[in-house]
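Enquirer: pasting a predicted model and its sequence here:
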Amino acid sequence: MTGPKPIVIYVDADACPVKAEVYRVAERYGLKVTIVSNSFIAVPREPWIERVVVGAGMDAADDWIAERAGPGVIVVTADVPLASRAVKAGAAAIAPNGKTFDEDSIGMTLATRNLLHELRGAGEVTGGPKPFAPSDRSRFLSALDQAIVRIKRQNTVR
């Protein structure tokens, strides 16, 4: 008899401001972390942290993560299309600012993202997301902890 599938955290890492927080939480829970990027990123030398450098293609990191997303997986990304793919595969998806993506919210979030993308392309909207704040870091830590607890609870029910 096999136990529950271990929880894995995949981090879309190229511009992720919460990698240190992911490491800290993963170590506390004994989870595996995979840092996925288009270029070399230094990561702590720990047996439970893996670094994956994918090709330079525009969505190479997103595709790599999406192919592995599913139940028992947490995806950390600010990329809404990747979050949508992860949620559809059954993974938990969390943005670095602590926003959680789920089946109820991802459709509207993706539609809003696409609309803003179109407006920016037409020169109607300028600027990007608001700067990352300490409160975002706190919200992220809370959302990550909640996702882990929820997955662990689901694994014990099965």
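Expert: All right, it came through fine. Numbering: from 1, shown residues only.
Enquirer: tell me, what residue is most central in the protein?
Expert: By Cα atoms, centre = their mean, the chain has its centre lying nearest to Val76, at 1.4 Å.
Enquirer: so where's this structure uncertain?
Expert: Judged against pLDDT under 70, the low-scoring parts of the chain cover residues 1-3, 106-129, 157-158.
Enquirer: hmm, who's touching the helix ranked longest in it?
Expert: With DSSP state H applied, the helix covering the greatest number of residues in the chain is identified as helix 134-157. The contact list for helix 134-157, computed with Cβ atoms under 8 Å, 6 or more residues apart in numbering, reads 4-5, 7, 9, 17-18, 21-22, 25, 29, 31, 71-72, 74, 76, 92, 94-100. Quick note: C-beta positions are derived from backbone N, CA and C, even for glycine.
Enquirer: and the helices in this structure?
Expert: Using DSSP H, the helices of the chain run over residues 19-29, 60-68, 80-88, 106-121, 134-157.
Enquirer: out of the ones you listed, which is closest to Pro44?
Expert: Of all these, it is helix 19-29 that lies closest to Pro44, at 6.1 Å by Cβ to Cβ.
Enquirer: buried set for that closest one?
Expert: Within helix 19-29, the residues that qualify as buried are 19, 21-23, 25-26, counting by 16 or more other Cβ atoms under 10 Å.
Enquirer: adding distance to Ala61, write those residues out as JSON lines.
Expert: Output for the buried residues of helix 19-29, formatted as JSON lines (distance: Cβ to Cβ, whole Å):
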{"residue": "Lys19", "distance to Ala61": "14"}
{"residue": "Glu21", "distance to Ala61": "19"}
{"residue": "Val22", "distance to Ala61": "15"}
{"residue": "Tyr23", "distance to Ala61": "18"}
{"residue": "Val25", "distance to Ala61": "21"}
{"residue": "Ala26", "distance to Ala61": "19"}
